[in-house]
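K.L.:
generate a structure from the sequence data that follows.
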Amino acid sequence: MPWRQAAVFVVLFIPAVSTAEVYTWIDDQGVAHFTDIKPEAREHQPVEIRRPSMIPMRENISRGERVSTINRQINRSLEASDGGNRKAASRQDARELERKKARCAGYRERLERIQQKLRAGYSNDQGNRLRRQRREVSQKLSRECMLG
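P.N.:
Model prediction:
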């Protein structure tokens with residue numbers, strides 16, 4: 001029986017809370033305050049609370065499935081039209097990968113040499129130049145080798 005009374009209380013109480021008004025006011029330090037109690041001593045404004053927009057999830061799922069289907073069809077047609085060039089492309093990709101590995105190894109070696117010079121000691125101008133070089137090489141290394 002107590003569960004029924006609690007359910008009735010909740011059903012009657014929730015609509016009353018959802019229709020409560022919200023007020024805003026700004027204090028002497030310029031801080032905005034929001035409250036559900038109407039401030040009598042201060043100038044205030046009521047806040048209009050709009051209902052949230054609802055988008056049915058079922059529609060999003062069906063659109064996502066259609067896009068995935070179209071992407072699969074495009075990929076299949078591209079693979080079918082590129083059948084003879086696949087081996088040449090894979091050789092070219094392998095060469096490009098080797099070049100990238102060599103370039104990345106060169107960046108790492110340059111970065112290590114700059115680090116060694118910085119640890120060995122330097123004048124002020126030389127230190128600024130070395131730090132600039134380290135920053136540039138480090139950016140190239142991260143952009144070309146780690147991210148891409």
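K.L.:
how close does residue 67 get to residue 116?
P.N.:
Counting by CB to CB, to the nearest Å, the separation of residue 67 from residue 116 is 52 Å. C-beta coordinates here come from the backbone N, C-alpha and C atoms, glycine included.
K.L.:
all helices for this structure, in order.
P.N.:
2-18, 57-81, 86-120, 124-141 (DSSP state H).
K.L.:
who does residue 22 form a beta bridge with?
P.N.:
residue 47 (DSSP bridges).
K.L.:
separation between it and residue 39?
P.N.:
12 Å.
K.L.:
how about the contacts made by residue 96?
P.N.:
Not one residue lies near residue 96 by CB atoms under 8 Å, 6 or more residues apart in numbering.
K.L.:
sorry, back to before: the helices of the chain: which one's closest to residue 43?
P.N.:
Closest approach to residue 43 among the helices of the chain is made by helix 2-18 (25.9 Å; CB to CB).
K.L.:
for this structure, which helix or strand comes out least confident on mean pLDDT?
P.N.:
Using mean pLDDT, DSSP states H and E, helix 2-18 stands out as the lowest-scoring helix or strand of the chain, at a mean of 66.
K.L.:
and residue 22, what is it in contact with?
P.N.:
Applying CB under 8 Å, 6+ apart, the residues contacting residue 22 are 34, 35, 36, 46, 47, 49.
K.L.:
thinking again about what came up before, now distance to residue 26 too, for the helices of the chain, in TSV please.
P.N.:
As requested, the helices of the chain are exported to TSV (distance: least, CB to CB, whole Å):
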stretch	distance to residue 26
helix 2-18	26
helix 57-81	40
helix 86-120	53
helix 124-141	45
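K.L.:
among these, which is nearest residue 147?
P.N.:
Comparing these by CB to CB, helix 124-141 comes nearest, at 9.8 Å.
K.L.:
contacts for the closest one?
P.N.:
With CB under 8 Å, 6+ apart, helix 124-141 has contacts from 104, 107, 108, 110, 111, 114, 115, 117, 118, 122.
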